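**Q** Predicted coordinates and the sequence they were generated for:
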Amino acid sequence: MGRRRRWGQAEVAAAAMVTAAGGSWALQPLLLLLSLCGLCLAAEIGPPSDVQVEAIDGLIRINILAPGSTDKTPMWEASDFSYLVELRKNGSNEQKQIKLASNNERIDKLSPNTTYCLRVKAQLNAGEKEGSFSPEYCVHTESADANVLPRPENVRIHALNTHFVLKWDWDEAYGENVTFLVECCRAYDKKYMASNCWHAVPSCKEVTTSECDLSSEIWFEGTYEFRVRAISGTEERAWSKEITCNPSKDTEIGPPSKVEINLINDSIEIKISHPGEDTNKSMKDIQGFYDLSYRIFVWKNTSDKWEKCFEDEHTLYTLPVSELNPETYCLKVQAFSQMSNKSGHFSAIKCITTEAGNNPVVLVVAVFFLQHCCLQFYSCFLLRCL
C-alpha cells in the first residue's frame, strides 16, 4: 500500500468524510486513517509519468519515472513500484514480457540492427494492483561491428567465506592491450539514487585478467550490484549485465582452517579452527554464522563406511571405541550453520594409528568454541550427517 508524506486532496476528502460521519472526536483519528487506507486502495494507478529509452551497444537502457511523481502531492513513493515491460519487434505482434525490479534497468540479448517497441506499466509491490500502460516507444539497435570491443559476458561471483571474486568470460582474440574496470552499487542506493550510485572498485581498475577480488568492497550487511566493461586505449565499451550479490546468501562455508589430530595416552585429540581463521576473518564472527558448529565423521581405515558421526558444540567430547588392537582411524570435519541453513566444505581426510593396550581406546574430540552435542548415532542421522 502506498505511503503519503503530506496532506493532499485524498486526505482532505477523507477528513470531510469523517466529519460528515460525526461520532466521538477520540475515534476520528482512527476513522480518518481507515478512510485514507480505503482511498489509497481504491485509487487508480496511472501510467508512468515518463519513460526514457536508449539503444546502445546492442541493448536498451530504460529509465522510468513512477506514476504520479510529477503530482503536487504524490500518493505513492517511487520505491512502492516494480514494472512490467511488453517488448516486441517492430512489425511483429509477438510480445515478450519482462519484469523490472527498479526504475533504472537494461534489456539485453537483443538482435542488432533491429527496431524494438515497448510500453511499460507500474505494479505496486504490496498487493496485486497494476497501473495502465505508457505510450509505446520505439528504438533501433546498432549493427554488429566485428572491430568493436564486446561487453564481458557470463559475469559471476565466486564466494567462499569472506572472499569474493568477480569473474567474467572474455575472448582473448581482442588483443593484449585490453583492460577492465569494475563498478559497484549498493542495491539500496540504486533504488533511491538511480544511476548516481555507481562507483569504481579501487582494487578493480585497469585489471588485465578476467577476474577481480571484491573482498575489500563487500560487507555482509546489504546487497550489492557489480558490472564490468572492457577498455582499449581511449575506447570504452558498454557495461556488462549487472550481477547481484547478497553476501550472506551467496557465500559458501569453506572447510575448517585447520584440523589437528594427535595421539595422547590412548586417545585421539582433534582440534578444529573455524573457516576463515587463517585469514583473520573467522566465519564464526560473521553475522548470520554465529552458531557455527561441526559434523565430525570417523571411520576405520580398513572400511569404506564411516563408523561414527556426531555434531558437537562442547570443547571436549569423548567417544569410546571397542577395539583393543592397533587400528588406524580416519576422519573429516564439516562446519555448518543452522541459522543460515548452510553446510560447509569438508576438511581434508586425516588418519592416525592407535596403539595396543589393555584399556579401550578413547577418541577425544576437542572442538573449539562449541556448546552442545549429539550423543546418539540415530540422532546424528536425523541431523543430516549422511
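**A** Yep, that arrived.
**Q** and the residue most central in space within the chain, what does it touch?
**A** Central residue of the chain (C-alpha atoms, centre = their mean): residue 246, 2.4 Å from the mean position. The neighbours of residue 246, taking C-beta atoms under 8 Å, 6 or more residues apart in numbering as the test, are 223-224. All C-beta spots, glycine's among them, are computed from the backbone N, C-alpha and C.
**Q** State the pLDDT value of it.
**A** The model reports residue 246 with a pLDDT of 93.
**Q** Quick check: the gap between it and residue 108.
**A** For residue 246, the distance to residue 108 equals 22 Å [C-beta to C-beta, to the nearest Å].
**Q** repeat for residue 330
**A** Using C-beta to C-beta, residue 330 is found at 50 Å from residue 108.
**Q** Please say which of these two ends up with more neighbours.
**A** Set residue 330 next to residue 108 and count neighbours by other C-beta atoms under 10 Å: residue 330 wins out with 18 against 14.
**Q** mind checking the SS state of that one?
**A** strand (DSSP: H, G, I helix; E, B strand; the rest coil).
**Q** go on, residue 94?
**A** With three-state DSSP as the basis, the three-state label of residue 94 is coil.
**Q** Model confidence score at the closest residue to it other than its chain neighbours, please.
**A** Nearest residue to residue 94 in three dimensions, chain neighbours excluded: residue 88, at 6.2 Å (C-beta to C-beta, 6 or more residues apart in numbering). As predicted, residue 88 sits at a pLDDT of 94.
**Q** What strand or helix carries residue 88?
**A** Using DSSP states H and E, residue 88 sits in strand 81-89.
**Q** Please identify the buried residues of the helix or strand following that strand?
**A** Downstream of strand 81-89, the next assigned helix or strand under DSSP H and E is strand 96-100. By 16 or more other C-beta atoms under 10 Å, the buried positions in strand 96-100 come out as residue 100.
**Q** now strand 96-100, how far from the centre of its chain.
**A** 21 Å (C-alpha atoms, centre = their mean, to the nearest Å).
**Q** swap in stretch 108-117?
**A** Relative to its chain's centre, stretch 108-117 lies at 29 Å (C-alpha atoms, centre = their mean).
**Q** what do you get for stretch 44-62?
**A** Computed by C-alpha atoms, centre = their mean, the chain-centroid distance of stretch 44-62 equals 26 Å.
**Q** what comes up buried for it?
**A** Buried residues in stretch 44-62 (16+ other C-beta under 10 Å): 45, 47-49, 51, 53, 55, 57-62.
**Q** Same check on stretch 179-198?
**A** Buried-residue list, stretch 179-198, by 16+ other C-beta under 10 Å: 180-187, 189-191, 197-198.
**Q** From start to finish, how long is it in a straight line?
**A** Length of stretch 179-198, first residue to last, C-alpha to C-alpha, to the nearest Å: 19 Å.
**Q** Okay, the closest residue in space to residue 66 that isn't next to it in sequence and residue 43: tell me how far apart.
**A** Distances taken as C-beta to C-beta, 6+ apart place residue 78 nearest to residue 66, at 4.2 Å, with adjacent residues excluded. Here the criterion is C-beta to C-beta. By it, residue 78 lies 16 Å from residue 43.
**Q** Looking at the two, which is more packed in?
**A** More crowded of residue 78 and residue 43, by other C-beta under 10 Å: residue 78, with 19 against 14.
**Q** show me the contacts for the more buried one.
**A** So residue 78 contacts 66, 69, 103 (C-beta under 8 Å, 6+ apart).
**Q** The second one against residue 51, yeah?
**A** Just to be clear, that refers to residue 69. No. Applying C-beta atoms under 8 Å as the test, residue 69 and residue 51 come out as separate, 11.8 Å apart.
**Q** Where in the chain is the helix or strand with the lowest mean pLDDT?
**A** helix 377-382 (a mean of 39; mean pLDDT, DSSP states H and E).
**Q** Now residue 292. Nearest residue, chain neighbours left out?
**A** Using C-beta to C-beta, 6+ apart, the nearest residue to residue 292 is residue 284, at 4.7 Å.
**Q** err, residue 328, not the other one
**A** That would be residue 301: by C-beta to C-beta, 6+ apart, it lies 3.9 Å from residue 328.
**Q** pretty sure that neighbour is touching residue 329, no?
**A** Yes. Residue 301 is within contact range of residue 329, at 6.8 Å (criterion: C-beta under 8 Å).
**Q** The two: which has the busier surroundings?
**A** residue 329 (22 against 13).
**Q** Would you enumerate the residues in contact with the more buried one?
**A** By C-beta under 8 Å, 6+ apart, the contact set of residue 329 is 268, 298-301, 321, 351-354, 363.
**Q** Considering those, which possesses the most neighbours?
**A** Within the contacts of residue 329, residue 363 tops the neighbour count with 23 neighbours, counted by other C-beta under 10 Å.
**Q** Return the per-residue confidence for that residue.
**A** What the model reports for residue 363 is a pLDDT of 55.
**Q** swap in residue 54?
**A** pLDDT, read off for residue 54, is 88.
**Q** got it, and residue 92?
**A** Taking residue 92 on its own, its pLDDT is 92.
**Q** Distance check, it against residue 117.
**A** 9 Å.
**Q** How about residue 66?
**A** To residue 117, residue 66 is 22 Å away according to C-beta to C-beta.
**Q** So which of these two has more stuff around it?
**A** residue 66 (21 against 17).
**Q** Pull the contacting residues for residue 45.
**A** 67, 76, 122, 124, 129-132.
**Q** Swap in 10 Å and give it another go.
**A** Going by C-beta atoms under 10 Å, 6 or more residues apart in numbering, residue 45 touches 2, 66-68, 75-76, 80-81, 121-124, 129-132.
**Q** For it, give me the pLDDT.
**A** So residue 45 comes in at 88 (pLDDT).
**Q** Reduced to three states, what does it come out as?
**A** coil.
**Q** which residues in the stretch 151-300 of the chain form helices?
**A** 187-193, 247-250 (DSSP state H, counting those that start in this stretch).
**Q** who's in contact with the first one?
**A** With C-beta under 10 Å, 6+ apart as the test, helix 187-193 has contacts from 77-79, 101-105, 185-186, 196-199, 222-225, 242, 244-246.
**Q** That'll do, ta.
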